[in-house]
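**Q** structure of the sequence below:
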Amino acid sequence: MNEATPWSRTNQLIIAAAAGLGVEAEAIASEHSDFFLRLRWPGPPPRAVIVSKTRSPFLTQVAQTLANNKFASRELLAGEGLPVITSALFDEAHDPRVHGHAATRARAQLSAHGRVVVKPNWGNRGLGITTAVTGFDELCSAYALARAYDRDEEVLVEPFVAGINLRVTVIGGRVAAAAELRRPQLRGDGCKTAAALLAELNADPRRASWDRPRLVALDRIEPEQVAERLAVAGLELDEVVPSGVRVELSFEEIEVVDRSDELDPGWAAVAIAAAGGLGVDVAGVDLRGPAEVLLGGAELGSRRAGVLEVNALPALHLHALPTSGRARPVFEDFVAYCLQLPGAPPVCAQVRV
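**A** Reported below is the predicted structural model:
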């Protein structure tokens with residue numbers, strides 16, 4: 001593809017998939033906007049729809065808003081009997097830094113779980129998340145970061161669940177692909193600064209950026225976002241990271257491994273039910289838990305696994321451009337579903353809100 005194209009990676013992949021299906025993809029306005037594409041199918045019968053990146057024309061505002069609220073959507077799904085990662089909600093009236101009752105709740109989370117994850121209730125792309133928090137002072141710093149990223153200044157504190165991050169993409173009530181997302185870490189050696197460790201990650205030739213545009217799964221990691229995450233750990237970019245200290249960058253990937261053929265059927269059913277339960281017809285369902293459970297079908301027992309969230313604007317490029325494993329035709333599936341081409345799942349396959 002032409003690297004000078006004004007289209008984002010996602011829209012480039014939609015346009016290419018559409019062309020392969022005999023579908024025309026075009027802009028909808030005289031001035032360029034990357035938010036919308038019109039897809040035209042010549043028929044028979046002819047039809048056209050407008051998509052917003054990986055949002056289908058059938059997604060409702062209610063479903064998208066519900067999916068974006070992690071706390072509310074998890075409680076709804078738990079009420080339907082689905083396994084979810086439970087969480088405690090903190091807001092301006094329950095700030096653990098200034099309110100004693102909130103501090104007590106936060107300390108109780110640390111006492112019960114040992115390690116917790118702190119994240120915005122309404123967030124995306126993994127921004128504002130701090131993993132493996134073990135102390136109250138660190139939790140308060142992580143709370144401040146997460147709250148800054150949240151639309152309503154709401155923060156979740158949830159148990160740190162050991163295992164893998166598994167993204168399951170559901171299109172029209174069918175699993176289209178699954179991938180394990182491995183997150184990069186700054187691993188301190190007592191010699192290199194955080195900036196030097198970041199430069200090593202960004203030197204990976206598989207990473208693209210505005211000045212190095214390519215159709216690859218990984219993006220350059222921005223130092224501003226790393227600096228925010230380091231601040232929670234009491235570090236700065238130009239400081240040496242002590243030996244043994246690891247800072248996970250939850251907003252990026254270091255590997256995207258296709259797991260479509262390994263996904264346990266039971267967890268595939270959970271992903272489908274989670275997407276349908278929130279009314280999200282094209283969804284990226286994030287699961288977290290031991291690999292032997294999510295992929296191998298081992299009995300859960302005392303080990304925890306469950307749904308983290310349902311993304312209403314899924315990053316389909318992760319499946320089309322994995323760093324390891326077979327690429328999956330998720331963009332072809334998306335175009336066919338949106339236009340209701342022969343063989344595509346019907347719109348009624350999305351269950352309900």
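**Q** now do the contacts for the most centrally placed residue in the chain.
**A** With distances taken as CA atoms, centre = their mean, the residue of the chain nearest its centroid is Arg125 (5.5 Å). With contact taken as CB atoms under 8 Å, 6 or more residues apart in numbering, Arg125 is in contact with Phe251. (Each C-beta comes from the backbone N, C-alpha and C, glycine too.)
**Q** which parts of the stretch 251-353 of the chain are helices?
**A** 265-278, 291-294, 317-320, 330-339 (DSSP state H, counting those that start in this stretch).
**Q** of all these, which one comes closest to Glu255?
**A** Proximity to Glu255 (CB to CB) singles out helix 317-320 among the helices of the stretch 251-353 of the chain, at 10.7 Å.
**Q** report all helices and strands that that closest one contacts.
**A** Here helix 317-320 touches helix 9-20, strand 174-182, helix 330-339, going by 3 or more CB pairs under 8 Å, 6 or more residues apart in numbering; DSSP states H and E.
**Q** the helix or strand following the shortest one: how far from the chain's middle?
**A** Which is strand 174-182. As assigned by DSSP states H and E, the chain's next helix or strand after strand 174-182 is strand 185-187. Put simply, strand 185-187 sits 20 Å off its chain's centre (CA atoms, centre = their mean, to the nearest Å).
**Q** please apply the same query to stretch 261-279.
**A** Using CA atoms, centre = their mean, the offset of stretch 261-279 from its chain centre is 16 Å.
**Q** what's the local residue count around His101?
**A** 10 (other CB atoms under 10 Å).
**Q** quick one: it from Glu75, how far?
**A** Going from His101 to Glu75 by CB to CB, to the nearest Å gives 21 Å.
**Q** ok, now which ones touch the closest residue to Thr134 other than its chain neighbours?
**A** Closest residue to Thr134 apart from its sequence neighbours, by CB to CB, 6 or more residues apart in numbering: Arg115 at 5.5 Å. Residues near Arg115 by CB under 8 Å, 6+ apart: Ala132, Val133, Thr134, Pro159, Phe160.
**Q** in contact with the last one, which residues?
**A** Contact analysis of Phe160 by CB under 8 Å, 6+ apart lists His113, Gly114, Arg115, Val116, Val117, Thr131, Ala132, Val133.
**Q** state the distance from the residue lying closest to Gly22 once chain neighbours are set aside to Ala16.
**A** Leaving out its chain neighbours, the residue that sits closest to Gly22 by CB to CB, 6+ apart is Pro42, at 7.1 Å. Distance from Pro42 to Ala16, counting by CB to CB: 18 Å.
**Q** more neighbours: which of these two?
**A** Set Pro42 next to Ala16 and count neighbours by other CB under 10 Å: Ala16 wins out with 16 against 11.
**Q** isn't that one right up against Glu332?
**A** No. Contact criterion CB atoms under 8 Å: Ala16 and Glu332 do not qualify, at 9.3 Å.
**Q** who's sitting farthest from the centroid in this structure?
**A** Farthest-from-centroid check, the chain (CA atoms, centre = their mean): Pro44, 36.8 Å.
**Q** quick revisit: show me which of the contacts of Phe160 is closest to Glu252.
**A** Nearest to Glu252 among the contacts of Phe160, with distances taken as CB to CB, is Thr131, at 12.9 Å.
**Q** surely that closest one touches Glu248?
**A** Yes. Taking contacts as CB under 8 Å, Thr131 lies within contact range of Glu248: 4.9 Å.
**Q** which residues are in contact with both of the two?
**A** In contact with both Thr131 and Glu248: no residue, using CB under 8 Å, 6+ apart.
**Q** over to Glu239: give its phi and psi.
**A** Torsion angles at Glu239 (phi, psi; degrees, to the nearest 10) stand at phi -90, psi 150.
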